[in-house]
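**Q** kindly return the folded structure for what I paste below:
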Amino acid sequence: MTMKRIFIIIMLALAVAVNAHADTSLYEKCEKQKSLTTVYVTRAMLDMVVNTQPLDERTKALLSENIDNVLIVTSEVDKGIEFLAKLSKDFTSKNGYEMLMQINDGKENVNVYQKKISVGNNQYVVSVRSEKESVMIVMEGMLKLEDMVRMTGVMDKNRAKSKLKSAKPSKPTK
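**A** Numbers count the residues shown, from 1 in each chain. The predicted structure follows:
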(Lines give C-alpha, C1' and ligand atoms only; values in the text may rest on other atoms or scores of the structure.)
Protein backbone atom coordinates (compact mmCIF):
# COMPACT_ATOMS: atom_id res chain seq x y z
CA MET A 1 0.00 0.00 0.00
CA THR A 2 1.49 3.32 -0.98
CA MET A 3 1.57 6.49 1.07
CA LYS A 4 -0.81 8.01 -1.48
CA ARG A 5 -3.33 5.26 -0.82
CA ILE A 6 -2.95 5.64 2.96
CA PHE A 7 -3.49 9.37 2.59
CA ILE A 8 -6.61 8.76 0.49
CA ILE A 9 -7.96 6.29 3.07
CA ILE A 10 -7.33 8.79 5.86
CA MET A 11 -8.99 11.60 3.94
CA LEU A 12 -12.01 9.42 3.11
CA ALA A 13 -12.34 8.39 6.73
CA LEU A 14 -12.14 12.01 7.83
CA ALA A 15 -14.75 12.96 5.27
CA VAL A 16 -17.04 10.19 6.52
CA ALA A 17 -16.81 10.45 10.28
CA VAL A 18 -19.22 12.52 12.35
CA ASN A 19 -19.18 11.96 16.09
CA ALA A 20 -15.94 10.92 17.65
CA HIS A 21 -15.77 8.85 20.77
CA ALA A 22 -13.71 5.96 19.49
CA ASP A 23 -13.28 2.78 21.46
CA THR A 24 -11.12 4.42 24.09
CA SER A 25 -9.32 1.26 25.16
CA LEU A 26 -8.24 0.62 21.56
CA TYR A 27 -7.31 4.26 21.09
CA GLU A 28 -5.35 4.32 24.35
CA LYS A 29 -3.46 1.15 23.43
CA CYS A 30 -2.47 2.63 20.08
CA GLU A 31 -1.78 6.15 21.30
CA LYS A 32 0.87 4.88 23.72
CA GLN A 33 2.86 3.21 20.92
CA LYS A 34 5.54 5.50 19.50
CA SER A 35 5.76 3.33 16.37
CA LEU A 36 2.15 4.17 15.39
CA THR A 37 0.44 7.24 13.98
CA THR A 38 -3.09 7.68 15.32
CA VAL A 39 -5.79 9.96 13.94
CA TYR A 40 -8.75 10.62 16.21
CA VAL A 41 -11.43 12.93 14.89
CA THR A 42 -13.71 14.82 17.26
CA ARG A 43 -17.34 15.68 16.62
CA ALA A 44 -16.45 19.36 16.24
CA MET A 45 -13.98 18.55 13.48
CA LEU A 46 -16.42 16.27 11.71
CA ASP A 47 -19.17 18.86 11.86
CA MET A 48 -16.71 21.34 10.40
CA VAL A 49 -16.00 18.95 7.51
CA VAL A 50 -19.74 18.68 6.77
CA ASN A 51 -20.19 22.45 6.90
CA THR A 52 -17.08 23.49 4.98
CA GLN A 53 -16.39 20.84 2.35
CA PRO A 54 -18.23 20.33 -0.93
CA LEU A 55 -19.76 16.91 -0.32
CA ASP A 56 -22.56 15.07 -2.05
CA GLU A 57 -25.83 14.69 -0.13
CA ARG A 58 -25.27 11.00 0.59
CA THR A 59 -21.91 11.70 2.23
CA LYS A 60 -23.33 14.64 4.20
CA ALA A 61 -26.13 12.42 5.49
CA LEU A 62 -23.61 9.77 6.56
CA LEU A 63 -21.46 12.34 8.30
CA SER A 64 -24.28 14.09 10.08
CA GLU A 65 -26.50 11.14 10.96
CA ASN A 66 -24.80 7.76 10.88
CA ILE A 67 -21.20 7.76 12.05
CA ASP A 68 -20.33 8.17 15.70
CA ASN A 69 -16.54 8.03 15.47
CA VAL A 70 -13.49 7.11 13.44
CA LEU A 71 -10.07 6.02 14.61
CA ILE A 72 -7.26 5.57 12.08
CA VAL A 73 -3.97 3.93 13.05
CA THR A 74 -1.02 3.56 10.67
CA SER A 75 2.57 2.39 10.80
CA GLU A 76 5.47 1.89 8.41
CA VAL A 77 7.79 0.65 11.16
CA ASP A 78 8.28 -3.07 11.84
CA LYS A 79 7.47 -2.68 15.54
CA GLY A 80 4.21 -0.87 14.73
CA ILE A 81 3.23 -3.36 12.04
CA GLU A 82 3.81 -6.21 14.50
CA PHE A 83 1.78 -4.40 17.18
CA LEU A 84 -1.20 -3.94 14.84
CA ALA A 85 -0.98 -7.60 13.73
CA LYS A 86 -1.07 -8.67 17.37
CA LEU A 87 -3.94 -6.28 18.09
CA SER A 88 -5.91 -7.75 15.16
CA LYS A 89 -5.95 -11.09 16.97
CA ASP A 90 -8.39 -9.52 19.48
CA PHE A 91 -11.10 -9.24 16.81
CA THR A 92 -12.58 -12.67 17.50
CA SER A 93 -16.07 -14.04 18.07
CA LYS A 94 -15.09 -14.43 21.74
CA ASN A 95 -14.83 -10.62 21.87
CA GLY A 96 -18.05 -10.11 19.90
CA TYR A 97 -16.56 -9.64 16.43
CA GLU A 98 -17.57 -11.37 13.23
CA MET A 99 -15.19 -11.58 10.29
CA LEU A 100 -17.02 -10.29 7.24
CA MET A 101 -14.28 -10.49 4.65
CA GLN A 102 -10.70 -11.63 4.29
CA ILE A 103 -8.52 -10.96 1.26
CA ASN A 104 -4.95 -12.14 0.80
CA ASP A 105 -3.39 -11.36 -2.55
CA GLY A 106 0.22 -12.08 -1.65
CA LYS A 107 1.02 -8.39 -1.23
CA GLU A 108 -1.65 -7.30 1.22
CA ASN A 109 -3.92 -8.87 3.80
CA VAL A 110 -7.27 -7.12 4.23
CA ASN A 111 -9.69 -8.11 7.00
CA VAL A 112 -13.06 -6.55 7.75
CA TYR A 113 -14.72 -7.22 11.09
CA GLN A 114 -18.09 -6.20 12.51
CA LYS A 115 -19.22 -5.97 16.11
CA LYS A 116 -22.85 -5.23 16.93
CA ILE A 117 -22.91 -2.66 19.72
CA SER A 118 -26.69 -2.22 19.97
CA VAL A 119 -29.70 -2.41 17.66
CA GLY A 120 -28.54 -0.86 14.38
CA ASN A 121 -25.31 0.41 15.96
CA ASN A 122 -22.16 -1.34 14.73
CA GLN A 123 -18.41 -1.13 14.97
CA TYR A 124 -16.46 -1.95 11.81
CA VAL A 125 -12.74 -2.61 11.77
CA VAL A 126 -10.78 -2.60 8.52
CA SER A 127 -7.26 -3.94 8.89
CA VAL A 128 -4.86 -3.70 5.93
CA ARG A 129 -1.41 -5.23 6.35
CA SER A 130 1.56 -5.60 4.04
CA GLU A 131 5.25 -6.19 4.65
CA LYS A 132 6.05 -2.49 4.70
CA GLU A 133 3.01 -0.87 6.29
CA SER A 134 -0.20 -1.42 8.19
CA VAL A 135 -3.44 0.56 8.49
CA MET A 136 -6.38 0.01 10.82
CA ILE A 137 -9.62 1.98 10.52
CA VAL A 138 -12.29 1.65 13.21
CA MET A 139 -15.73 3.20 12.64
CA GLU A 140 -18.77 3.12 14.89
CA GLY A 141 -22.32 4.21 14.35
CA MET A 142 -25.57 3.50 12.60
CA LEU A 143 -23.61 2.26 9.63
CA LYS A 144 -24.43 -0.36 7.07
CA LEU A 145 -21.65 -2.51 5.71
CA GLU A 146 -22.07 -0.83 2.31
CA ASP A 147 -21.37 2.59 3.87
CA MET A 148 -18.20 1.40 5.55
CA VAL A 149 -16.95 -0.34 2.39
CA ARG A 150 -17.65 2.73 0.27
CA MET A 151 -15.94 5.14 2.65
CA THR A 152 -12.79 3.11 3.33
CA GLY A 153 -12.31 1.99 -0.28
CA VAL A 154 -11.61 -1.55 0.90
CA MET A 155 -13.31 -2.89 -2.21
CA ASP A 156 -11.66 -0.93 -4.99
CA LYS A 157 -13.95 -1.22 -8.01
CA ASN A 158 -11.11 -2.31 -10.28
CA ARG A 159 -10.07 -5.16 -8.00
CA ALA A 160 -13.32 -6.18 -6.28
CA LYS A 161 -14.44 -8.86 -8.73
CA SER A 162 -11.12 -10.67 -8.94
CA LYS A 163 -10.49 -10.44 -5.20
CA LEU A 164 -13.95 -11.70 -4.27
CA LYS A 165 -13.67 -14.61 -6.69
CA SER A 166 -10.29 -15.62 -5.27
CA ALA A 167 -11.17 -14.96 -1.62
CA LYS A 168 -11.96 -18.15 0.24
CA PRO A 169 -14.38 -18.10 3.15
CA SER A 170 -12.46 -18.02 6.41
CA LYS A 171 -12.99 -20.53 9.17
CA PRO A 172 -14.92 -19.15 12.13
CA THR A 173 -12.63 -17.78 14.83
CA LYS A 174 -13.02 -19.45 18.20
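
**Q** quick one: low-confidence ranges for this structure?
**A** 1-24, 42-44, 46, 64, 151-174 (pLDDT under 70).

**Q** mind doing that once more with 50?
**A** Scanning the chain with the threshold set as pLDDT under 50 gives 16-22, 157-174.

**Q** for it, just list every one of the strands.
**A** Counting by DSSP state E, the chain has strands at residues 37-40, 67-75, 97-104, 108-118, 121-130, 134-141.

**Q** could the ones you listed be laid out in JSON lines, adding distance to residue 149 and mean neighbour count?
**A** The way it works is simple: take the backbone N, C-alpha and C, and place the C-beta from them, glycine included. Formatted as JSON lines, those follow (distance: least, CB to CB, whole Å; neighbours: other CB atoms under 10 Å):
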{"stretch": "strand 37-40", "distance to residue 149": "20", "mean neighbour count": "17"}
{"stretch": "strand 67-75", "distance to residue 149": "14", "mean neighbour count": "24"}
{"stretch": "strand 97-104", "distance to residue 149": "9", "mean neighbour count": "17"}
{"stretch": "strand 108-118", "distance to residue 149": "8", "mean neighbour count": "17"}
{"stretch": "strand 121-130", "distance to residue 149": "9", "mean neighbour count": "21"}
{"stretch": "strand 134-141", "distance to residue 149": "11", "mean neighbour count": "25"}
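
**Q** got a markdown table for those, with distance to residue 47 too?
**A** Shown next, in a markdown table, are the strands of the chain (distance: least, CB to CB, whole Å):
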| stretch | distance to residue 47 |
| --- | --- |
| strand 37-40 | 15 |
| strand 67-75 | 12 |
| strand 97-104 | 29 |
| strand 108-118 | 22 |
| strand 121-130 | 20 |
| strand 134-141 | 14 |
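
**Q** looking at those, spot the one closest to residue 90.
**A** Nearest to residue 90 among the strands of the chain is strand 97-104 (8.1 Å), distances taken as CB to CB.

**Q** the closest one pairs with which strands, parallel or anti?
**A** strand 108-118 (antiparallel) (DSSP bridges).

**Q** I would like the residues contacting the strand it pairs with, please.
**A** Strand 108-118 is contacted from outside by 1, 88, 91, 95-104, 122-130, 140, 145, 148-149, 154, using CB atoms under 8 Å, 6 or more residues apart in numbering.
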